[in-house]
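In: Sequence plus the predicted model coming up.
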Amino acid sequence: MSWLILLIAGLLEIGWAVGLKYTEGFTRPLPTVLTVSAMVLSMGLLGLAMRELPAGTAYAIWTGIGAVGTVIAGIILFQESMAVMRLVSVALIVAGIIGLKLSHTA
């Protein structure tokens, strides 16, 4: 269950990272409330996942999901660069996330 909680926390991290763009410097009320809510929920779920998972593994996977997802969202939503080096770098993050998951025995 802690892995599912961690996945949801990572997806919420993508939501708040993308949401920051829509807040326009926290000047738009609805995007600001949604973004801050996603931040709080994401961090709370990360804390719950860390009850059973090692802190380093959980945090690295959480940030990795957020980083990869935010890059993908940026490409889709904001037409950000799809340069080869950028995509290779994202693939390396994904490889690291998979490695951390596979190296955890619980």
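Out: Yep, it's here.
In: contacts, neighbours, all on C-alpha from now
Out: Fine.
In: Low-confidence ranges, this protein, go.
Out: For the chain, residues meeting the criterion pLDDT under 70 lie at 105-106.
In: what sits against the spatially most central residue of the chain?
Out: Of all residues in the chain, the one closest to the mean position by Cα atoms, centre = their mean is G66, 1.7 Å from it. Neighbouring residues of G66 by Cα atoms under 8 Å, 6 or more residues apart in numbering: G10, L11, L12, E13, I14, A17.
In: Keep only those of the residues you listed that are in strands.
Out: If you go by DSSP state E, the contacts of G66 have nothing in strands.
In: Among the residues you listed, name the buried ones.
Out: Neighbour-count burial within the contacts of G66 applies to G10, L11, L12, E13, I14, A17; the criterion is 16 or more other Cα atoms under 10 Å.
In: Serialize those residues to CSV and add fields for distance to K101.
Out: Formatted as CSV, the buried ones among the contacts of G66 follow (distance: Cα to Cα, whole Å):
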residue, distance to K101
G10, 14
L11, 16
L12, 19
E13, 18
I14, 19
A17, 23
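In: and which of these is nearest A73?
Out: Nearest to A73, judged by Cα to Cα, of the buried ones among the contacts of G66 is I14 at 8.0 Å.
In: Quick check: chain neighbours aside, which residue is closest to that closest one?
Out: Residue nearest to I14 in three dimensions, not counting chain neighbours: G66, with 4.8 Å by Cα to Cα, 6 or more residues apart in numbering.
In: Show me which positions of the host helix or strand of that neighbour end up buried.
Out: Per DSSP states H and E, G66 falls inside helix 55-78. Using 16+ other Cα under 10 Å as the test for burial, helix 55-78 gives 58-59, 61-74.
In: ditto for stretch 29-38
Out: For stretch 29-38, the neighbour count (16+ other Cα under 10 Å) marks P31, T32, T35, V36, A38 as buried.
In: Excluding chain neighbours, what is closest to the first one?
Out: I take that to be P31. Nearest non-adjacent residue to P31 (Cα to Cα, 6+ apart): T23, at 5.0 Å.
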